[in-house]
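K.L.:
this one's structure only:
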């Protein structure tokens, strides 16, 4: 079966073999003793996704700045909370929480499923890239991937939860996060699904899809969807 992977960094090459890596030292610099634990949890190593989401090493932005104002001829200084910075950092942190909770639930009740920390993410048709606009980069490339090992098709829109900001307060629900992870691994479909193939490594990078071919495939898919909607409207 052929699926498609979008390489946002534009670094993959046709024929390249993508494997998990056991170089855990790169993500255990703050806790060297954890390397043995990671080797036990992931004896086959981690994918790029796994390394990214098991190593949250981001600089926390300044959430409060000093704001000066003049009142009755006197200079006053008071703190100003930068909520835009807080929301941005919470959103970034949420993706890590969602991924880690997803892996915990998989280990508990869905052990036959491929780990997202040891997989490549693909979609069924080149035109499906249209529903992932946030992935598109100026140097991105689209490649064919032939599935030969363990894989599963799931709705990525079920990957919800994390930490949310509402009414100038931060909320986090463990129950909600676990519930979303269960919905994902159970294969439930949301109202507006965005399907992805979780393909366990190793895989071989196949043929690169040229931009013109991608445009043609996208146009054909749009015509197909439009035709289906037209036929349904007549019924």
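P.N.:
In hand now; what should we look at? Computed from a predicted structure; not experimentally measured. Residues are numbered from 1 along each chain as shown.
K.L.:
quick one: residue 120 from residue 158, how far?
P.N.:
As judged by CB to CB, to the nearest Å, residue 120 and residue 158 stand 19 Å apart. To be clear about C-beta, it is placed using only N, CA and C from the backbone, and glycine gets the same treatment.
K.L.:
Figure out the helix or strand that the residue most central in space within the chain lives in.
P.N.:
Closest residue to the average C-alpha location of the chain: residue 95 at 7.2 Å, with CA atoms, centre = their mean. Secondary-structure assignment from DSSP states H and E places residue 95 in helix 83-109.
K.L.:
Please name the residues that touch the residue nearest to the centre of the chain.
P.N.:
Residues near residue 95 by CB atoms under 8 Å, 6 or more residues apart in numbering: 53, 162.
K.L.:
ok, it to residue 160 distance?
P.N.:
Residue 95 is 11 Å from residue 160, by CB to CB.
K.L.:
before we move on, what about residue 140?
P.N.:
Distance, residue 140 to residue 160, by CB to CB: 25 Å.
K.L.:
Mind checking which of the two has more residues around it?
P.N.:
Taking other CB atoms under 10 Å, residue 140 and residue 160 do not tie; residue 160 has more neighbours (17 against 13).
K.L.:
what's around the nearest residue to that one once chain neighbours are set aside, how many residues?
P.N.:
Once flanking residues are discounted, residue 160 sits nearest to residue 180: 4.5 Å by CB to CB, 6 or more residues apart in numbering. By other CB under 10 Å, 21 other residues sit near residue 180.
K.L.:
element containing residue 180?
P.N.:
Going by DSSP H and E, residue 180 is in helix 174-185.
K.L.:
Which neighbouring elements make contact with the helix or strand just after that helix?
P.N.:
Next along the chain after helix 174-185, taking DSSP H and E as the criterion, comes strand 195-200. In this structure, strand 195-200 makes packing contacts with strand 119-122, strand 151-155, judged by 3 or more CB pairs under 8 Å, 6 or more residues apart in numbering; DSSP states H and E.
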